[in-house]
Structure formats: structure tokens, C-alpha cells
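Student: got a sequence here, can you model it:
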Amino acid sequence: MLALALSTQFEKNKVIMNLNANEITSATDNRQKLIYSSQIHWFHWLIIALSALLTYGAWYIASEQVDKRLSERFERESLQVIELVKERMQLYEHALLGAVAHIDASDNHLTNAQWKNYSNSLQIDKAYPGINGLGVIFNIQEKNLAPFIEAQQKDRPNFGIHPAHNEHEYWPITYIEPLVTNQQAVGLDMAFEQNRYSGIKKSRDTGLAQLTGPITLVQDAKKTPGFLFFAPFYQQGSTPNSVETRRRTIQGVTYAPFIMHKLISGTLAINKRHVTLKISDNGQSLYSDIDNVEAKSIDLKPLFSSQIMVELYGREWLFVIDSNLSFRKASGQNQPYFILAGGIFIDLLLLALFIVLSRTNRRSLDYADEVTRELKVKTKRLIKSNQDLEQFAYVASHDLKSPLNAIKKLVSWISEDCEKILPDSSKEHLALLVNRTTRMNKLLDDLLDYARIGRHNFPPEQIELKTTADGIFSLLDHPVDFKLSVDEQQLLMPRTPLEIVLRNLISNAIKHHDKTSGHIQISCTQANNMHHICVQDDGPGIPSELFDKALEMFQTLRPRDKVEGSGMGLSLSKKTIEHYGGTLTIESDGIRGTKIMVLWPVTPEKLEK
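Tutor: Okay, the predicted model is just below:
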């Protein structure tokens with residue numbers, strides 16, 4: 001333990017000496033730096049100016065990016081609103097065309113009961129939210145008016161066509177479901193009012209689904225804007241090719257009435273969008289969020305606004321779209337101002353920091369001078385302490401080994417003189433004493449070698465790996481049937497540390513082998529500026545949980561009575577390798593064979609020179 005303590009103390013002193021020497025040099029340099037940095041120089045102002053310029057640039061770029069991002073987002077929101085309206089109108093068109101197909105399938109002989117069953121099967125309220133109903137309007141010429149009314153009054157005695165007008169044809173709403181909410185519309189003649197009449201004639205002439213202009217539904221008690229949606233059906237089921245034929249063969253239209261605010265609330269609920277909406281048709285208002293939603297969601301000074309004209313089924317709807325308050329809250333438009341405020345704050349902090357540093361640097365000079373003086377004194381003391389420790393290590397080595405050698409000789413003399421009179425048990429005790437003395441001597445040598453690591457710098461030289469390893473193997477006590485295979489490699493590294501490592505690793509492979517014959521293989525490659533040296537044997541393996549223990553001092557994995565050794569071999573090798581910047585690791589499956597992997601840094605050629 002004495003040699004180990006000396007080694008530890010020596011290393012500590014050496015580290016402290018290096019630190020002190022570095023600190024003295026550093027303190028001198030820092031003193032000059034402190035003198036220079038005690039004033040605010042031009043580059044300090046340059047840093048502040050650049051920081052301010054950077055702040056302004058960051059604010060400007062952030063503002064541009066935020067504006068661009070918000071503009072793109074508003075455009076997406078606007079287009080999404082329009083697309084949702086278009087998709088919903090297409091859904092309603094499909095419902096009307098489905099009704100046309102149903103009428104065609106009934107060969108134009110449709111009764112009120114049949115229409116009611118068909119409408120109920122569609123589940124209009126659930127499948128078509130926003131729609132006010134689904135109905136049928138027949139085209140009745142003046143000569144067929146009386147028979148038509150008579151036929152309808154068989155099932156519905158109160159059925160009548162209203163109001164009166166001056167046209168020569170009639171377009172009465174004949175069937176509509178749900179009837180409860182649309183009772184007032186039954187019998188209403190589309191020819192009495194211009195928007196209704198022109199819309200139904202346009203649908204007849206084009207053969208396509210068409211919208212009316214803005215109207216007020218008779219069944220809407222609030223008298224808010226709405227419109228009708230028509231889809232024509234003709235004799236023989238198919239749509240004729242010419243306008244004249246269409247007018248001659250028209251049978252009627254399927255239609256859907258809409259109250260505009262119900263349509264929008266079912267399609268574009270205000271809580272699901274970040275824009276407010278106004279829709280008009282030819283200057284007539286169809287819908288406005290201002291009239292239908294709470295004022296707290298309306299932004300009186302919107303960030304963005306756009307007007308988009310959209311053609312829908314024969315009409316042109318003007319969408320006026322503004323960003324609302326929820327859009328403003330989610331926009332994060334204050335971010336550039338936060339950046340600006342933060343940048344100004346940082347600029348002020350920098351200025352304050354430079355002022356404080358310039359005032360405190362002068363105070364630090366006295367302290368630096370004092371520390372430098374103390375470090376110089378400590379360094380001189382440590383140099384003297386290291387010299388004393390090194391001298392003491394050699395004296396202690398001689399004083400400890402001399403009694404051990406004397407004991408070994410004394411036991412040898414007793415064994416020779418009393419060989420015939422000593423009982424076998426005493427001879428065994430004397431042999432055990434010799435064994436223990438030899439082991440103690442070897443342990444002391446290893447400890448002293450361990451303590452000396454790092455005290456001497458061995459220069460790198462050209463080494464033949466095979467020649468060096470074979471020489472070490474020949475000097476070791478090994479069974480005749482043991483073989484050593486070594487790669488032929490030329491290495492540039494310190495000779496003595498490499499020999500220490502190879503001697504311990506080869507000796508361990510021989511001592512811990514469980515057979516009288518064995519094979520040790522040493523290979524060497526170079527990669528990533530490291531020598532990869534592998535010492536592999538075919539002896540017993542080392543369990544993975546014992547890898548760390550095997551690398552500790554005084555540790556052997558087999559009883560000392562069976563394997564002679566100090567337990568320092570791997571520890572000594574590991575410390576030597578780590579001193580030169582390398583590593584030592586163990587690889588084994590725990591059953592058979594062990595690899596000791598050594599990574600040793602490649603010595604630059606210029607260092608050899």
C-alpha cells in the first residue's frame with residue numbers, strides 16, 4: 001500500500017504543478033487583457049450597433065413573414081368557405097336529381113302518398129342539413145288546369161292554386177315534405193312572381209338545375225332572404241336536345257326551398273371559421289353575418305378582406321369575406337413587436353454589461369497579482385515535494401525488498417539443513433512461505449512499476465511487433481506445447497510501455513490457461529488513427545459480469561494457490577495504455593477464449609523526428 005500511496009500522491013502533485021504553471025501563465029496574460037478591457041472600445045459600440053441592426057432586421061423579416069402567413073391563411077379560409085358552399089349545393093343538386101329519377105321511374109304518375117314515402121326514406125333533416133324541404137312542381141297548361149285540380153282534390157279536398165296571375169301556364173307546388181313546416185307553400189304558383197317564374201323557366205329551357213334570385217319564402221315567418229333550387233323532368237324521362245322540344249315536353253320540376261341563414265348555419269357555423277361572410281345576388285343581400293351572429297365575433301376593422309364572384313347554377317353570388325376577431329386572436333401578429341422589444345432590451349443589457357465590466361476589470365487586477373504570487377510559491381513547494389517522494393519511493397523499495405529476500409534465503413537454508421529431519425507438513429509450510437515471499441516480492445515490483453507510470457516519457461521508435469512479442473514469450477516460463485502467433489507489423493510507439501503491456505497480457509494468457517497446451521494469437525490493424533492490437537487465447541473464458549473486476553488492482557479470477565500472480569497485470573497494462581491516450585477492453589463469451597483489445601494512438605511521424 002506504501003508504493004500505491006506514493007504513486008497516488010506523486011500523480012496528484014504532478015497534476016497540481018501543471019495546473020499551477022498553466023495558471024501562472026494564464027494570470028499574466030489575463031492581467032494584460034484586464035488592463036486593455038477596462039475601457040469601452042470602438043468594437044463595443046460596434047457590437048451594440050450590430051445588435052440594434054440585427055434587432056431591426058429580425059423585426060422587419062418577422063413582420064413580413066407574419067403578414068405573408070396571415071395572408072395565405074386568410075386566402076385558404078376564404079376559398080374553404082366558398083368550396084363548402086359549392087359542395088353543399090352539389091349535395092342538394094344530387095337530392096333533386098334523385099327525385100327526378102324517382103319520378104321518371106314512376107312514369108310521371110306520382111301520388112302524394114308516394115312522394116311522402118320517398119321523402120321520408122331520404123331522411124331529409126339528417127342527410128341534407130340546411131334544406132327547408134323537398135317538393136314537386138308540375139307544369140299545367142291552362143286547358144288542363146281544372147282536371148289537374150280535380151285530380152289533386154280527391155286526396156286533398158282543400159288543394160288549390162294561388163295566387164291569381166296573368167300568365168297562360170301554371171307551376172303550382174303540388175307535393176312538398178316535410179309538410180308540417182311547408183304547409184303554406186302547397187298550391188303556390190311559381191308564375192305569380194318574377195324571380196320564381198324566371199328561375200323555373202330557365203331550368204326548363206336549359207335542362208339543368210338552376211337557382212332563383214333572392215326571394216322571401218311564404219313559409220318563413222321572419223321574412224328573411226332565401227331562394228329556390230329547381231331540377232326539370234320531361235316526358236319520356238330523358239332531357240331533349242333543343243329548347244323548343246324542352247318547352248313542349250316539360251312535365252315539371254323537383255325543387256328545394258332555402259332560407260339563407262339556415263343554409264349557412266348548417267354549412268358554415270361561425271364557431272368553425274375565422275372569417276365573417278356576406279353574400280349578395282345582383283346587389284340584393286342574401287346573407288350577412290352581422291344580422292345572424294353575435295357582435296363579439298365581428299371585427300369592425302378586419303385585418304383582411306376580399307370579394308369573390310362565384311357562379312352557381314345560373315346565378316352569380318358575390319362573397320364578401322372579412323377576417324373576424326378569432327382570426328385576429330390566432331394570428332400572432334404581435335410577435336414582431338415582441339422581437340423588437342426583446343432586441344432593444346438585449347441592446348440595453350449589452351451596454352450595461354460593457355459599462356459594468358469596464359468598472360470591475362480594474363478591481364480584478366489586484367486579485368490576479370495576488371493569485372499569481374501564491375501560485376508561484378505553491379509550484380516551488382510541489383516541485384520539492386515530488387523530488388522527495390520519488391527519492392522516498394526508491395528507498396522504500398530497497399528497504400522492503402531486502403527483508404523479503406533475507407526471509408527467502410533463510411527459508412532456503414533451513415530447508416537444506418533440516419531436509420532429513422523435518423516432517424512433510426513442515427516442508428509444506430516452508431514451501432508455502434517461499435511461495436508467499438516470492439509473491440510479495442512480485443507484488444512489490446508490480447506496485448513500483450505501477451507507481452512509476454507517467455514519470456518518464458519514452459520516445460517513440462520503430463518496433464517489429466513479431467520480434468518483440470517472440471522475445472517476450474521466450475523469456476516467460478511456459479509449457480513446451482504453448483504456441484504464439486504474431487502479425488508482422490512495423491509500429492511507431494514507445495518500446496518500454498509496449499513491452500510492459502505485452503509481457504503482462506501474454507503472461508496472463510499462459511498462467512490462467514487450464515491446459516498444458518495452448519495457442520496465443522496477437523494481431524494488429526490500424527484505423528481511425530489508432531493501433532488495434534488484439535491478444536487472443538484459447539483458455540477459459542471470462543464471464544461478462546467479471547470484466548470490470550478483472551481490471552482492478554490485486555484481483556485474480558482463480559485462487560492464488562492455483563495461479564501465481566499479484567493480480568496487477570491487467571491493471572498495470574490498463575494504466576500504461578491510458579497514460580498514452582488508449583484503452584483496454586475485454587471480450588469473451590465466458591466459456592472459451594478471451595480477447596484483450598488494446599487501442600493505442602498512432603504516433604505522428606513528425607513526433608519521431
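
Student: next, give phi and psi for residue 310.
Tutor: Phi and psi for residue 310, reported as degrees, to the nearest 10, are phi -130, psi 130.

Student: what's the answer for residue 348, then?
Tutor: According to degrees, to the nearest 10, residue 348 has phi -70, psi -40.

Student: mind listing what it touches?
Tutor: By Cβ atoms under 8 Å, 6 or more residues apart in numbering, the contact list for residue 348 is empty. For the C-beta atoms, the positions are set from N, CA and C on the backbone; glycine is no exception.

Student: from residue 519, how far off is it?
Tutor: Residue 348 sits 76 Å away from residue 519 when distances are taken as Cβ to Cβ, to the nearest Å.

Student: check residue 360 too.
Tutor: 70 Å.

Student: and these two? Which one has more around it.
Tutor: Regarding residue 360 and residue 519, a neighbour count based on other Cβ atoms under 10 Å identifies residue 519 as having more, with 16 against 11.

Student: show me which residues of stretch 536-554 are buried.
Tutor: 536, 537, 538, 539, 540, 541, 542, 550, 551, 553 (16 or more other Cβ atoms under 10 Å).

Student: ditto for stretch 50-67
Tutor: Of the residues in stretch 50-67, those buried (16+ other Cβ under 10 Å) are 51, 55, 59, 62, 63, 66.

Student: so which of those residues is the closest to residue 498?
Tutor: residue 51 (55.8 Å; Cβ to Cβ).

Student: please name the nearest non-neighbouring residue to the closest one.
Tutor: Distance criterion Cβ to Cβ, 6 or more residues apart in numbering; nearest residue to residue 51, sequence neighbours excluded, is residue 347 at 5.1 Å.

Student: swap in residue 256?
Tutor: residue 229 (4.6 Å).

Student: do the same with residue 216
Tutor: Residue 216 sits nearest to residue 223 (Cβ to Cβ, 6+ apart), 5.1 Å away.

Student: I figured the residue nearest to residue 51 hits residue 53, correct?
Tutor: No - the criterion here is Cβ atoms under 8 Å, and residue 347 misses it with residue 53 at 10.1 Å.

Student: chain center to the strand or helix carrying residue 97: distance?
Tutor: Using DSSP states H and E, residue 97 maps to helix 42-105. Taking Cα atoms, centre = their mean, to the nearest Å, one finds the center of helix 42-105 at 26 Å from the center of the full chain.

Student: with stretch 186-199 instead?
Tutor: On Cα atoms, centre = their mean, the centre of stretch 186-199 falls 63 Å from the chain's centre.

Student: buried sites along that stretch?
Tutor: Applying 16+ other Cβ under 10 Å to stretch 186-199 flags 186, 187, 188, 189, 190, 191, 192, 193, 195, 196, 197, 199 as buried.

Student: okay, how far is it across stretch 502-519, tip to tip?
Tutor: In stretch 502-519, first residue to last residue: 15 Å (Cα to Cα, to the nearest Å).

Student: buried stuff in it?
Tutor: 502-513, 518-519.

Student: same question for stretch 212-231.
Tutor: Those would be 212-215, 217-220, 224-231, for stretch 212-231 by 16+ other Cβ under 10 Å.

Student: in strands, which of those appear?
Tutor: Residues of those located in strands (DSSP state E): 215, 225, 226, 227, 228, 229, 230, 231.

Student: most widely separated two among the residues you listed?
Tutor: 225 and 231 (21.6 Å).

Student: is residue 138 bridged to anything, and to what?
Tutor: residue 252 (DSSP bridges).

Student: since we're on it, how many residues are nearby?
Tutor: 21.

Student: ok, now residue 489?
Tutor: Neighbours around residue 489, by other Cβ under 10 Å: 16.

Student: isn't it up against residue 466?
Tutor: Yes - using Cβ under 8 Å, residue 489 is in contact with residue 466, at 7.3 Å.

Student: which ones are touching residue 84?
Tutor: Counted by Cβ under 8 Å, 6+ apart, residue 84 has contacts 267, 268.

Student: distance of it from residue 303?
Tutor: 22 Å.

Student: tell me the spacing between the residue nearest to residue 256 and residue 507.
Tutor: Relative to residue 507, and taking Cβ to Cβ, residue 229 is found at 100 Å.

Student: how about residue 233?
Tutor: Distance, residue 233 to residue 507, by Cβ to Cβ: 106 Å.

Student: what segments of the stretch 501-609 of the chain are helices?
Tutor: 547-550, 569-579, 605-608 (DSSP state H, counting those that start in this stretch).

Student: give the other helices and strands that the longest one contacts.
Tutor: Read it as helix 569-579. helix 424-452, helix 495-511, strand 583-588, strand 592-601 (3 or more Cβ pairs under 8 Å, 6 or more residues apart in numbering; DSSP states H and E).

Student: tell me which of the ones you listed lies nearest to residue 42.
Tutor: Closest to residue 42 of those is strand 592-601 (Cβ to Cβ; 45.4 Å).

Student: show me the domain layout of this structure.
Tutor: 2-58+335-388, 87-265, 456-608 (automatic domain parsing).

Student: compare these and give me the one nearest residue 322.
Tutor: Nearest to residue 322, of these and by Cβ to Cβ, is domain 87-265 at 14.9 Å.

Student: got the end-to-end distance for the closest one?
Tutor: 15 Å.

Student: skipping adjacent residues, who's closest to residue 469 in space?
Tutor: Residue 469 sits nearest to residue 486 (Cβ to Cβ, 6+ apart), 4.5 Å away.

Student: how near is the one you found to residue 470?
Tutor: 7 Å.

Student: which one's more surrounded, the two?
Tutor: Of the pair residue 486 and residue 470, residue 486 is the one with more neighbours under other Cβ under 10 Å, namely 21 against 14.

Student: check contacts around that one.
Tutor: Per Cβ under 8 Å, 6+ apart, neighbours of residue 486: 465, 466, 469, 470, 521, 522.

Student: quick check: it vs residue 533, distance?
Tutor: From residue 486 to residue 533 the distance is 10 Å (Cβ to Cβ).

Student: which residues do those two both contact?
Tutor: With Cβ under 8 Å, 6+ apart as the test, residue 486 and residue 533 both reach 465, 522.

Student: now the strands: where do they sit in the stretch 201-350 of the chain?
Tutor: Ranges of strands in the stretch 201-350 of the chain, per DSSP state E, counting those that start in this stretch, are 210-211, 215-216, 225-234, 250-259, 275-281, 284-288, 305-312, 315-323.

Student: surely residue 260 touches residue 286?
Tutor: Yes - using Cβ under 8 Å, residue 260 is in contact with residue 286, at 4.9 Å.

Student: can you report phi and psi for the residue nearest to residue 216?
Tutor: phi 60, psi 50.

Student: now it: how far from residue 259?
Tutor: Applying Cβ to Cβ, the value for residue 223 to residue 259 is 10 Å.

Student: any weak-confidence spans in the stretch 351-500 of the chain?
Tutor: 361-362, 365, 368-369, 385-402, 404, 408, 427, 435-436, 438-456 (pLDDT under 70).
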